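Engineer: have a look; sequence and predicted model below, questions after that.
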Amino acid sequence: MTRDEQFMAMAVERATLGRGHVEPNPMVGCVLVRDDTVIGIGHHERYGSPHAEPNALADAGDARNATAYVTLEPCCYTGHGKQTPPCTPRLIKAGVRRVVIGCVDPNPHVAGNGIRQLREAGIEVVSGVLEAECDTLIRAFRLRVKERRPMVALKWAESRDGRVAGRQGRPVRITGDLANSVVHELRGRCDAIAVGTNTLVNDDPQLTARGDNPPRRAIRVVLSNSLKLPPERRLWQPGPPTVIYTHDQAPDVESPASHVEIIRLPSQDNTRGGRRFGMGDVLSDLFKRGVTHLLVEPGPKLAADLLRLGQVDRVWRFKSTRLDIGESGLVAPELDWPKIGELDLGDDVLSEHAFDCEDRASVDFRLARSLATGTSSR
Ligand code: AOF
Ligand code: ZN
């Protein structure tokens with residue numbers, strides 16, 4: 001690693017502290033260095049609060065002639081709903097001599113204009129340092145800006161012999177304590193958590209985060225073509241807002257509780273001759289509700305459908321190292337996506353998969369790793 005890359009790596013690490021707090025904004029970290037010494041560090045801490053650069057400048061006090069390492073191109077505009085003053089003039093005014101940037105901001109109001117303004121002020125700018133790492137920090141933000149949809153992660157747990165449940169979907173406790181706390185931490189950073197009707201029927205899930213002080217409270221989502229809803233479910237008890245997506249030709253049933261909304265999306269033909277809604281419509285609707293990260297906890301059928309449709313960004317598979325369910329159990333979804341990260345959780349192994357083997361592990365996976373290593377070294 002070059003010296004520039006080392007300081008940028010610090011900024012990346014720092015930026016991840018914002019996960020769950022800054023969305024729909026991107027995570028950003030900033031390190032200020034003079035004479036090869038760090039004189040200030042900061043990150044974007046929560047939505048609507050100061051950006052990484054002013055936080056690092058405040059930490060440094062005097063940043064004249066320093067180099068600023070920023071994971072994202074500094075912002076440079078006002079208006080359009082912007083909550084804080086732009087960072088580019090702040091860096092210029094502070095007298096930094098050089099700015100090293102991880103990746104360009106895909107926000108069309110920035111998109112290279114921040115770099116241009118810095119150069120026009122006579123500051124040396126280097127861009128693309130640790131670009132792939134910095135890009136993982138803005139993955140969900142980029143999807144939001146460019147594709148107007150949330151980032152989608154699928155997560156399931158399977159036994160050592162590749163089963164996700166017992167006979168006819170009977171629920172089985174598969175993962176150990178460490179895997180469970182990783183899942184609850186992850187749930188607490190997502191904006192929506194979805195299951196299909198089979199999971200609603202078989203598992204009666206709560207879809208809430210049971211970790212310490214979760215930064216976000218997710219909308220609970222049920223994906224249901226049939227709209228066959230059991231009358232008594234934990235999701236119908238008072239709790240976070242709950243949305244059931246179905247298609248416009250599904251049976252006319254009433255919402256099971258006042259916090260549960262049924263959304264009827266345009267129906268399409270499915271391959272088996274029935275009707276179904278499109279996952280693209282679900283993602284657009286969730287986007288309009290401000291969802292940046294969607295976690296799907298699917299059964300094998302829903303997982304296979306979503307993987308086939310190609311609207312999934314990440315898969316998390318927890319595989320038990322101890323438990324066998326046996327031949328009669330429900331077979332886990334087939335997954336031929338390359339593994340981009342692996343983590344030993346004692347009773348289970350967590351692997352992260354992406355469609356493209358060149359992809360980097362997600363910020364959530366990095367945070368799972370810190371949780372796991374922190375816990376085991378305690
Ligand atoms: C930066 N540093 O730390 C972040 C940036 O509404 P605001 O004022 O928070 O601005 C949000 C936009 O600023 C966001 O859409 C993205 O383009 C950029 N995020 N930029 O220089 C930061 N979080
Ligand atoms: Zn900014």
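Structural biologist: Yes, it's here. Ligands and ions are numbered 1, 2, ... in the order given.
Engineer: now the terminal residues of stretch 285-296, how far apart.
Structural biologist: Start-to-end span of stretch 285-296 (Cα to Cα, to the nearest Å) is 15 Å.
Engineer: name the residues of that stretch that come out as buried.
Structural biologist: Residues of stretch 285-296 classed as buried by neighbour count (16 or more other Cβ atoms under 10 Å): D285, L286, F287, V291, T292, H293, L294, L295, V296. All C-beta atoms are positioned from the backbone trio N, CA, C, and that covers glycine.
Engineer: chain center to the helix ranked longest in the chain, what's the gap?
Structural biologist: If each helix of the chain is counted by residues according to DSSP state H, the longest one is helix 363-377. Helix 363-377 sits 16 Å away from the centroid of its parent chain (Cα atoms, centre = their mean, to the nearest Å).
Engineer: same question for stretch 210-221.
Structural biologist: With Cα atoms, centre = their mean as the basis, stretch 210-221 stands 13 Å off its chain's centre.
Engineer: got it, and stretch 180-191?
Structural biologist: So, by Cα atoms, centre = their mean, the centroid of stretch 180-191 is 10 Å from its chain's centroid.
Engineer: count the residues that sit near E120.
Structural biologist: E120 is flanked by 10 other residues according to other Cβ atoms under 10 Å.
Engineer: same check on R317?
Structural biologist: If we define neighbours as other Cβ under 10 Å, then R317 has 22 of them.
Engineer: before we move on, what about V145?
Structural biologist: 17.
Engineer: that's a helix at it, yeah?
Structural biologist: Yes. When DSSP: H, G, I helix; E, B strand; the rest coil is applied, V145 is found to be in a helix.
Engineer: tell me the contacts of it?
Structural biologist: Contacts for V145 (Cβ atoms under 8 Å, 6 or more residues apart in numbering) come out as P106, N107, P108.
Engineer: what's the longest helix of the chain in contact with?
Structural biologist: 16, 19, 27, 136-137, 139, 153, 178, 181-182, 185-186, 189, 314, 316, 341, 343-346, 350, 352.
Engineer: now D135, nearest residue through space, not along the chain?
Structural biologist: C103 (5.2 Å; Cβ to Cβ, 6 or more residues apart in numbering).
Engineer: please apply the same query to G102.
Structural biologist: Among residues not flanking G102 along the chain, C134 sits closest, at 2.7 Å (Cβ to Cβ, 6+ apart).
Engineer: up against ligand 2, what does this structure have?
Structural biologist: Contact residues (Cβ under 5 Å from the ion) of the chain with ligand 2: H51, C75, C87.
Engineer: and the helix or strand where Y245 lies, what's its mean pLDDT?
Structural biologist: Secondary structure from DSSP states H and E places Y245 in strand 242-247. Mean pLDDT, strand 242-247: 96.
Engineer: contacts for it?
Structural biologist: So strand 242-247 is contacted by 219-225, 227, 229, 235-236, 255, 257, 259-268, 275-277, 281-282, 285, 289 (Cβ under 8 Å, 6+ apart).
Engineer: one more pass at 7 Å, please.
Structural biologist: Strand 242-247 has contacts (Cβ atoms under 7 Å, 6 or more residues apart in numbering) with 219-225, 227, 235, 259-265, 267, 275-277, 282.
Engineer: just the buried residues of those.
Structural biologist: The neighbour count (16+ other Cβ under 10 Å) marks 219-225, 227, 235, 259-260, 262, 265, 267, 276-277, 282 as buried among the contacts of strand 242-247.
Engineer: in helices only, show me these.
Structural biologist: Per DSSP H, the buried ones among the contacts of strand 242-247 map to helices at V282.
Engineer: what about the closest residue to A218 other than its chain neighbours, how many neighbours?
Structural biologist: Nearest non-adjacent residue to A218, counting by Cβ to Cβ, 6+ apart: I193, 4.6 Å away. Per other Cβ under 10 Å, the neighbour tally for I193 reads 23.
Engineer: can you tell me the helix or strand for I193?
Structural biologist: strand 192-196.
Engineer: would you mark the buried spots in that strand?
Structural biologist: By 16+ other Cβ under 10 Å, the buried positions in strand 192-196 come out as A192, I193, A194, V195, G196.
Engineer: if you skip the residues just before and after it, what's nearest to the fourth one?
Structural biologist: Spelled out, that is V195. Per Cβ to Cβ, 6+ apart, closest to V195 is E297, 5.4 Å.
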